[in-house]
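S.K.: take this sequence and fold it.
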Amino acid sequence: MSLCKRLIARLDIKGNRLIKGIRFEGLRVIGDPLQHARAYASMGIDEILFIDSVASLYGRNSLTDILRSTSRDVFVPITAGGGVRSVQDAAALLAAGADKIAVNTAAVLNPNLISEISTNFGNQCMVLSVEAKRSRNLNWEVYINNGREHTGLSVIEWIKKGVDLGAGEIFLTSVDNEGTRKGFDLELIKTVSNEVNVPIIASGGMGCFEDFEKVINYAKADAIAMSGVLHYKRLSISEIRKYALDNNFNVRVYD
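M.R.: Prediction:
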């Protein structure tokens, strides 16, 4: 039997507030990230992903206190990312309660960081976060700094290199679809899943039950990360899980 498909709540953080935008722009304050994390855990989310959305810009990560508070009473795996520039930064987040570390900007600037984190903490801990935009020349181009800066790197080639360097999972966000509720970039996710043999977390565009079906069945994602659809209560975790089970998807069953 294949591994269970995971439902992940993505929480983008600015300072100590939960935020949400469209294509990483027009950010709105949603509320307290700790309260949302607790609520999602109580509703049966499989994992929580915290991203410090301004950490790379300001050269610091503000997730430590949030992680400490969350890990006291939230008992699902937590991934933390944003502003991780060194093994020491990763170690601090792990010590605060994270189970995995997501790295984007610093990995592009210093690819050896992928190997360093993987070597020190295991490749299951090293999540390569990739922000992808459609490009005429590259099909999809890697962006950094929360979708603000282009790199000239091909998403497909960069992900293959990242896996070779030790990334154990890919957190793949379509900047074009993020926050739009128009569905995932299925071609992007399918292309990546065909190229690498590590789990792919699809992010950007979840808006309805059918989006879940398409990204799992067609694009072969291993997990979906959701933000606005949960924050604005357009769909609940229990509704999504029930839909998945009713349609014979392999997701966890909670009593």
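S.K.: quick one, helices of the stretch 1-150 of the chain?
M.R.: Remark: helices assigned in the stretch 1-150 of the chain by DSSP state H, counting those that start in this stretch are 33-42, 55-58, 64-73, 87-96, 105-109, 112-121.
S.K.: mind listing what residue 96 touches?
M.R.: Going by Cβ atoms under 8 Å, 6 or more residues apart in numbering, residue 96 touches 63-65, 67-68, 71, 80. Backbone N, C-alpha and C define where each C-beta goes, glycine included.
S.K.: not counting sequence-adjacent ones, nearest residue to it?
M.R.: residue 67 (3.9 Å; Cβ to Cβ, 6 or more residues apart in numbering).
S.K.: give me the neighbour count for that neighbour.
M.R.: 24 (other Cβ atoms under 10 Å).
S.K.: right, and it touches residue 79 too?
M.R.: No - distance between residue 67 and residue 79: 10.4 Å, which falls outside the contact criterion (Cβ atoms under 8 Å).
S.K.: identify the contacts common to the two.
M.R.: In contact with both residue 67 and residue 79: 50, 98, using Cβ under 8 Å, 6+ apart.
S.K.: in the chain, which helix or strand is least confident?
M.R.: The helix or strand of the chain with the lowest confidence, counting by mean pLDDT, DSSP states H and E, is helix 55-58 at a mean of 57.
S.K.: now do the contacts for the closest residue to residue 92 other than its chain neighbours.
M.R.: Residue nearest to residue 92 in three dimensions, not counting chain neighbours: residue 64, with 6.3 Å by Cβ to Cβ, 6+ apart. Shown in contact with residue 64 (Cβ under 8 Å, 6+ apart): 92-93, 96.
S.K.: could you check how far residue 64 is from residue 133?
M.R.: Residue 64 sits 30 Å away from residue 133, going by Cβ to Cβ, to the nearest Å.
S.K.: ok, residue 228 next?
M.R.: Applying Cβ to Cβ to residue 228 and residue 133 gives a distance of 19 Å.
S.K.: same thing with residue 20?
M.R.: Computed as Cβ to Cβ, the residue 20 to residue 133 distance reads 19 Å.
S.K.: and for residue 169?
M.R.: Distance, residue 169 to residue 133, using Cβ to Cβ: 21 Å.
S.K.: low-confidence regions, this protein specifically.
M.R.: Along the chain, the model assigns pLDDT under 70 to residues 1-2, 55-61, 255.
S.K.: okay, now the nearest residue in space to residue 75 that is not next to it in sequence: neighbour count?
M.R.: Of all residues not flanking residue 75 in the chain, residue 41 sits nearest, at 7.1 Å (Cβ to Cβ, 6+ apart). Other residues near residue 41 number 20, with proximity taken as other Cβ under 10 Å.
S.K.: next one: the one 3 residues further on
M.R.: By the other Cβ under 10 Å criterion, the neighbourhood of residue 44 contains 18 residues.
S.K.: over to residue 151?
M.R.: For residue 151, using other Cβ under 10 Å, the count is 17.
S.K.: helix or strand for it, just tell me which one.
M.R.: Under the criterion DSSP states H and E, the helix or strand holding residue 151 is strand 149-154.
S.K.: same question, residue 194
M.R.: Applying DSSP H and E, one finds residue 194 within helix 186-195.
S.K.: that helix: which residues count as buried?
M.R.: Buried residues in helix 186-195, counted by 16 or more other Cβ atoms under 10 Å: 186, 188-193.
S.K.: between these, which is closest to residue 163?
M.R.: residue 192 (10.0 Å; Cβ to Cβ).
S.K.: need the contact list for the closest one.
M.R.: Residue 192 makes contact with 155-156, 159, 170, 172, 200, according to Cβ under 8 Å, 6+ apart.
S.K.: I'd like to know how many residues surround residue 25.
M.R.: The tally of other residues near residue 25 (other Cβ under 10 Å) stands at 12.
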